[in-house]
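In: Using only what follows, build the 3D model:
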Amino acid sequence: QVQLVESGGGLVQAGDSLRLSCAASGRTFSSYAVGWFRQAPGKEREFVAANRWNGRSASYTDSVKGRFTISRDNAKNTVYLQMNSLKPEDTAVYYCAAGVTYPTGIAAEYDYWGQGTQVTVSS
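Out: Coordinates of the predicted model:
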């Protein structure tokens, strides 16, 4: 069993940066790929980024490439999402997810989810 807790969200202006953290509990966390997803009001949950257990093979949705970076520190059981040059369209609740072996953008394949953290970007 893995429990995930996101933090680091907030209200920022366009062009600002935020770093989200996802703290995990559970001995097997370091063996999982981890993903970040987001859900804006009235929209479906969408894939943002994911990487393998060793931090490699990172993948991103096109809209965040070059602006967001996913990383992890397995010694701290924590995954990060560094978000730069934020845009109003990045406004959403951001979730981290784990429980898959390889990074995937398909939400249904992840077994564990955090409660989410709100990111609001004003123009």
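
In: Please make it C-alpha for all contacts and neighbour counts, starting now.
Out: Noted.

In: Would you map the strands across the protein?
Out: 3-7, 10-13, 18-25, 33-39, 46-51, 59-60, 68-73, 78-83, 92-100, 112-113, 117-122 (DSSP state E).

In: List the neighbouring strands of the second one plus their orientation.
Out: Neighbouring strands of strand 10-13 in its sheet, by DSSP bridges, are strand 117-122 (parallel).

In: The strand it pairs with vs strand 33-39, what angle?
Out: 50 degrees (axes from the mean of the first three to the mean of the last three C-alpha atoms, to 10 degrees).

In: So which of the strands of the chain is nearest I106?
Out: strand 46-51 (7.2 Å; C-alpha to C-alpha).

In: which residues sit against the closest one?
Out: By C-alpha atoms under 8 Å, 6 or more residues apart in numbering, the residues outside strand 46-51 that reach it are 33-39, 57-61, 64, 69-71, 102-107.

In: sorry, back to before: Throw the strands of the chain into CSV and include mean neighbour count, thanks.
Out: As requested, these are arranged in CSV below (neighbours: other C-alpha atoms under 10 Å):
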stretch, mean neighbour count
strand 3-7, 20
strand 10-13, 15
strand 18-25, 20
strand 33-39, 25
strand 46-51, 24
strand 59-60, 20
strand 68-73, 20
strand 78-83, 20
strand 92-100, 24
strand 112-113, 18
strand 117-122, 20
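
In: can you list those in a markdown table and add mean pLDDT?
Out: Below are those laid out as a markdown table (pLDDT from 0 to 100):
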| stretch | mean pLDDT |
| --- | --- |
| strand 3-7 | 96 |
| strand 10-13 | 98 |
| strand 18-25 | 96 |
| strand 33-39 | 96 |
| strand 46-51 | 96 |
| strand 59-60 | 95 |
| strand 68-73 | 94 |
| strand 78-83 | 96 |
| strand 92-100 | 95 |
| strand 112-113 | 94 |
| strand 117-122 | 98 |
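
In: Find the nearest non-adjacent residue to V12, please.
Out: V121 (5.0 Å; C-alpha to C-alpha, 6 or more residues apart in numbering).
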